[in-house]
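Trainee: sequence and predicted structure below; questions after.
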Amino acid sequence: MVDLGTETDAVIVARALVERDSFAVLIARYEAKLLRYIRRLGVRNEEDREDILQDIFIKVYRNLRAFDPRLSFSSWIYRIAHNETMSWFRKRSARPDHALVDDGDTVLGMLAGDDDTVEAHMTQEVQEEVRAALEALPQKYRDILVLRFFEEKSYEEIADILQMPLGTVATLVHRAKAKLKTLVPEHVYI
């Protein structure tokens, strides 16, 4: 197999369509990112995350010919990951466990706005308060916040992943931030 590590996703996808072994490059490139995303969506159990990831890669491989190379492969695979994870929750009638703050990431920046400096560290007490606020949000707001602030996806990518209009994404981000701000105690703000 030729070294495809520096190639674009589109080139690797094209190669994987004719050379099955090239698909391993896509797995290596997205495995850690998608595991993190699945965890952030609320799947805490490692075996469950691995099972979902396996289902994602099977679905991606089976549908690789359907991928439109004029579009973003990253958005396409994240859409599949999102759908598979939500499907997993529906099958188990489970609610996400919301491991967002456990990652050591901060959400204080999203509360203040996109352009403000993000506090680098949160105390355990603040993490608990923010976690409780995130758990109180409706799923559609959590999904938007995870993609925007934890996965650092652009509004365009979010629109593609969640298959909704760009204006809807912008509205949901704004509403999610406003709703989260009302749920987080005042002393948590920067």
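Mentor: Thanks, I have the structure now.

Trainee: dump the residue contacts of residue 41.
Mentor: Listed by CB atoms under 8 Å, 6 or more residues apart in numbering, the contact set of residue 41 reads 82, 85-86, 96, 142-143, 146. Heads up, the C-betas are built off the backbone N, CA and C, glycines and all.

Trainee: just the buried residues of those.
Mentor: Listed as buried from the contacts of residue 41 are 82, 85, 96, 142-143, 146; burial here means 16 or more other CB atoms under 10 Å.

Trainee: next step: the contacts of residue 41 restricted to strands.
Mentor: Judged by DSSP state E, strands contain none of the contacts of residue 41.

Trainee: from those, which shows the smallest pLDDT?
Mentor: pLDDT is lowest at residue 96 among the contacts of residue 41; the value there is 59.

Trainee: tell me which residues in the longest helix along the chain are buried?
Mentor: When the chain is parsed with DSSP state H, its longest helix is helix 73-92. By 16+ other CB under 10 Å, the buried positions in helix 73-92 come out as 73-82, 84-85, 88-89.

Trainee: chain center to that helix: distance?
Mentor: 9 Å (CA atoms, centre = their mean, to the nearest Å).

Trainee: for stretch 12-27, same thing?
Mentor: 23 Å.

Trainee: give the rounded mean pLDDT of that stretch.
Mentor: What stretch 12-27 shows for mean pLDDT is 93.

Trainee: would you work out how far apart the start and end of it are?
Mentor: 11 Å (CA to CA, to the nearest Å).

Trainee: what does stretch 64-82 give?
Mentor: Stretch 64-82: ends 17 Å apart by CA to CA.

Trainee: how does the chain divide into domains?
Mentor: 9-92, 101-188 (automatic domain parsing).

Trainee: what's the least confident stretch among those?
Mentor: Among these, domain 101-188 carries the lowest mean pLDDT, a mean of 75.

Trainee: show me what the strand or helix carrying residue 12 is packed up against.
Mentor: Assigning secondary structure by DSSP states H and E places residue 12 in helix 9-18. Helix 9-18 makes packing contacts with helix 23-40, helix 73-92 when contacts are defined by 3 or more CB pairs under 8 Å, 6 or more residues apart in numbering; DSSP states H and E.

Trainee: how about the first one: buried residues?
Mentor: Put plainly, it is helix 23-40. So for helix 23-40, counting by 16+ other CB under 10 Å, buried means 23, 25-26, 29-30, 34-40.

Trainee: next secondary structure element downstream of it?
Mentor: Following helix 23-40 in sequence, per DSSP H and E, is helix 46-62.
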